[in-house]
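J.: Provide a 3D model corresponding to the input given below.
(2 chains)
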Amino acid sequence: MSRLSKAAAAILVTAALGLTHGAAQAAKDRLVVDLVNEPSSLDPQVQWNPDSYYVYRNIFDNLVTRDDKGAIIPQVATAWKQLSDTEIEFDLRGDITFHDGSKLTADDVVFSVKRITDPKFASPQLGQFDKITDAVAVSPTRVKLVTAGPYPALLAQLVKLSIVPKAVVEAAGKDAFNLKPVGSGPYKFESWQRGVNVQLTRNDAYWGTKAPFPAVTFRAVPDAATRLANLQAGSSDLVVTLDADQAGQLKGSPKAQALIGLTERVAYVRLNTTKPPFDNPKLRLAAAYALDKQAMIDGLLGGYDKPVPELLTPASFGWVDGIKAPEHDLAKAKALIAEAGAAAKAEIDLATAPVFDQRIVQAIQQMLTEAGFNVKIAMSDMATYLKRAQAGPEATSLLSFGRWSCACQDADGVLFPLLHKSSGWSAYRNPKIDSLLEEARATLDTSKRLATYKQVHEIVATDVPVVPLYQAVVIYGAAKNLTFQPTPNESMFINRMSWKD
Amino acid sequence: MPGFLLRRLGQALVTILGVVTLIFFVQRLTGDPTYLLVPETATQADIAALRHQLGFDRPLVVQYLDFLGELVRFDLGQSVVQRVPVTTIIASRLPYTLMLAAGALLVACGIGVPIGILLAIFRNSPAAKAAAGVVLAAQSMPTFWSGILMILVFSVLLGWLPPSSTGDLSHLVMPSFALGLLSMATFARITRSALLDELSKDYVRTARSRGVRSGRLLIRHLARNASIPVITVAALEISNLLAGAVIVETVFAWPGLGQVTVQAILARDFMIVQGVVLLGAFVTVLLNLVSDLLYSLVDPRIVLEGAR
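T.: Next comes the predicted model:
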């Protein structure tokens, strides 16, 4: 027995000693980023999810982009002017080359626009670009886009339109391009070991700001505790999607820091105003009084998120200062519910899915129950939740918790789908709201749009089809030496980061 | 023997077809993945267009026949989310799962079987009882917890092992232990009871009375007879390990099939789930067959049905 255990101990010790060197890492020449999942696809036009965005936005240039403060700035397009209500012309940089050495011209831009707007191509992003009816190459460095009617959110949407090389895509075909994407961005695609990592190398011929790291590795690490451990062990330099507790664990760490940024994502409780009890405006108001936003944020979210009085965040165009929404007032809520009598006693289902913070969902249930509602949590998987949420007022649940981002930082992408009667997401029927939203969508005059959205916010605050809760934060973990500014649209441009030893 | 094999293979085929059919329809009953593929702002028309392009608007029976047709051609279809052939995805992930299962089996057998032997031989000593307690404790820890604990101790605190992902063999150590611990106690227990069972038999007493030494007895006679239940358990444990791998792979960001399956289920990537389930059914059936064949090799007294 003793001989056996000695042998086992000897093996273990040898193994441990022999392996120690494997854990050490040099981080300067290679940035290691831990995502939640691997990108689903690197063809920028066939998918829609954050883990893909993080990676491919470093490979491709877009027509326009946003700076760290959120302003729309030139990228492939240097300037643009509105020719008419429906036509806009873009001047393009003439000095951009794709990673295969070919020049980026107006043809590539036209090709990219037509590819993503072709219904047959069935891009999951089609809905973001389907207002574009035509794209024309006026000259090698000039492109004209035509929209169906005035479309004020066009530039905000174009931030997400990546330019792909026409010749390469046509020669390779859709599937092959997905496996070996070629862009013009600050990083070149190097390799994709499925399930393990995606590796990029710096494009030293990049026309814009060059990145500080010669190479980048994106890894898929689904478990947040593991991402945190990776960071603390020094095996990664930047990790995404931590929660407030995990951010707290980084306090006082000599190696790592938490980076927290307010996003354009707004958390809300949506009410189905077409069915009892919430067809009664007083009970909707009671729900708004019952919900204590600040308590949720302080008690559950680490105090980082920010309460909002309107269904939008300050990061989006359309935000209006000074909207007066019902403040938390339990007594008022109880009084309104007592007044409604039996109408308020019906069972209310609160729809949610596992991806949402269940502590918040439970807090909502508890706060509404305390005020006198009879709320049951209805949990389903994400696809079922989405399907039901978009099924219209007849089928959708009475209450649902959600977090909304249009990834466009424009009120049109938030208010229209959530409130307009034509949208599956809306369980609200108010002709005044419908016409205001249509008006704001059909004018290019920004001050007029703002005034219109102000009216929408005011109606939402008094009629309460939705209770806006808070502007959500995004929390990253980063090595102490890394400088990275989180942005409201949750972009991760490596060439905007810096590193100091 | 060939008769036995043929019959078993026939049964296996029916089993696999049943499993695959079941998973096909059960998955479809839960709805389609289109809603998960589009951004929240997509209109119903966008969703319908994408659904049509992906073929989820066709009648279920048509989709099923299509699927069987592809299966016959060894084509598992294309991932809905990644738009890459499922065979490519499985081929890139399977080696990692096999590596992990092998490592875990090594840990489970390498520690579990010796402990089981010790427990049987020194069954009344306090040391054996203590060892049994330790093994039980190891098995009782939930994997996601013991995994994170290992990462904290060996990676963050001591810096000995890489916390996650893959690379050289050092990356395999912690996942193997985390997964292996689950089966270790099973192996120890089975080995102990099998040995005790054999020890009480007449041939052991006879051999002892003839003066055969304990070590020789153990190796020549006991080990062989006692290994039958252990082999059975090993075959079953491999299936269990594959199931347990789901959590271990998630904790350690180990890029095996378990991880890809969990993601596929969440994203309703039917094609990947079907492919993995098919593979799982195939492996389970195969392992059972192999363990049956191994019995007759180890113990000539066992005669396979239909072999004569």
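J.: Next one, pLDDT for residue 86 please.
T.: No chain specified, so I'll use chain A. You'll see A:Thr86 listed with a pLDDT of 93.
J.: hmm, I had chain B in mind actually
T.: 89.
J.: pretty sure it is touching B:Leu71, no?
T.: No - the criterion here is CB atoms under 8 Å, and B:Val86 misses it with B:Leu71 at 11.0 Å. Every C-beta, even on glycine, is put in place using the N, C-alpha and C of the backbone.
J.: quick one: contacts for B:Ala267?
T.: Residues counted as contacts of B:Ala267 (CB atoms under 8 Å, 6 or more residues apart in numbering or on different chains) are A:40, B:33, B:36, B:80-81.
J.: Among those, list the two that are farthest apart in space.
T.: Among the contacts of B:Ala267, the pair separated by the greatest distance (CB to CB) is A:Ser40 and B:Pro33, at 11.4 Å.
J.: Now do the shared contacts for the two.
T.: B:81, B:267.
J.: picking up where we left off before, okay, B:Val86 and B:Leu71: which has more neighbours?
T.: More crowded of B:Val86 and B:Leu71, by other CB atoms under 10 Å in any protein chain shown: B:Val86, with 27 against 16.
J.: Quick check: the gap between that one and A:Gly195.
T.: 13 Å (CB to CB, to the nearest Å).
J.: Likewise for B:Val113?
T.: Distance from B:Val113 to A:Gly195, by CB to CB: 32 Å.
J.: Please give the element, helix or strand, for A:Ala472.
T.: strand A:466-479 (DSSP states H and E).
J.: pLDDT of that strand, averaged?
T.: According to the model, strand A:466-479 has a mean pLDDT of 95.
J.: tell me what the helix or strand following that strand is packed against?
T.: Of the helices and strands lying after strand A:466-479 in sequence (DSSP H and E), the nearest is strand A:482-483. If you count contacts as 3 or more CB pairs under 8 Å, 6 or more residues apart in numbering or on different chains; DSSP states H and E, strand A:482-483 packs onto strand A:498-499.
J.: strand partners of the strand it packs on, parallel vs antiparallel please.
T.: When sheet partners are counted by DSSP bridges, strand A:498-499 sits next to strand A:482-483 (antiparallel).
J.: Show residues contacting the partner strand.
T.: Residues outside strand A:482-483 that contact it (CB under 8 Å, 6+ apart) are A:31, A:237-238, A:497-500.
J.: What mean pLDDT does that strand get?
T.: 94.
J.: Just give the nearest non-adjacent residue to B:Met99, would you?
T.: Once flanking residues are discounted, B:Met99 sits nearest to B:Leu172: 6.2 Å by CB to CB, 6 or more residues apart in numbering or on different chains.
J.: Would you mark the buried spots in the helix or strand that contains the one you found?
T.: For B:Leu172, the enclosing helix or strand under DSSP H and E is helix B:170-199. For helix B:170-199, burial by neighbour count (16 or more other CB atoms under 10 Å in any protein chain shown) applies to B:170-192, B:194-195, B:198-199.
J.: What's the separation between the residue of the stretch 101-250 of chain B found nearest chain A and B:Trp160?
T.: Across the stretch 101-250 of chain B, no residue is closer to chain A than B:Ser170, which sits at 3.8 Å (CB to the nearest CB). Using CB to CB, B:Ser170 is found at 8 Å from B:Trp160.
J.: Could you give the number of residues near A:Phe129?
T.: Taking other CB under 10 Å as the criterion, the count of residues near A:Phe129 is 19.
J.: residues in contact with B:Thr191?
T.: Contacts of B:Thr191 (CB under 8 Å, 6+ apart): B:112-113, B:115-117, B:119-120, B:226, B:230.
J.: hmm, 7 Å instead?
T.: When contacts are counted by CB atoms under 7 Å, 6 or more residues apart in numbering or on different chains, B:Thr191 touches B:112-113, B:116-117, B:226, B:230.
J.: In terms of pLDDT, where does it sit?
T.: 87.
J.: What does the residue lying closest to it once chain neighbours are set aside show for phi and psi?
T.: If the residues on either side of it in the chain are set aside, B:Thr191 comes closest to B:Gly116, at 2.6 Å by CB to CB, 6+ apart. Phi and psi for B:Gly116, reported as degrees, to the nearest 10, are phi -60, psi -40.
J.: Looks like B:Gly116 contacts B:Thr186 (just checking).
T.: No - if you go by CB atoms under 7 Å, B:Gly116 and B:Thr186 don't touch, sitting 9.6 Å apart.
J.: quick one: A:Lys210 from chain B, how far?
T.: From A:Lys210 over to chain B the distance is 27 Å, taken as CB to the nearest CB, to the nearest Å.
J.: correct me, but that residue touches A:Asn495?
T.: Yes - if you go by CB under 7 Å, A:Lys210 and A:Asn495 touch, sitting 6.3 Å apart.
J.: Out of those two, name the residue with the larger neighbour count.
T.: A side-by-side neighbour count of A:Lys210 and A:Asn495, using other CB under 10 Å, places A:Asn495 first with 18 against 13.
J.: where does the chain have low pLDDT?
T.: Went with chain A since none was named. A:1-27 (pLDDT under 70).
J.: actually chain B
T.: Applying pLDDT under 70 to chain B picks out residues B:1, B:40-41, B:302-308.
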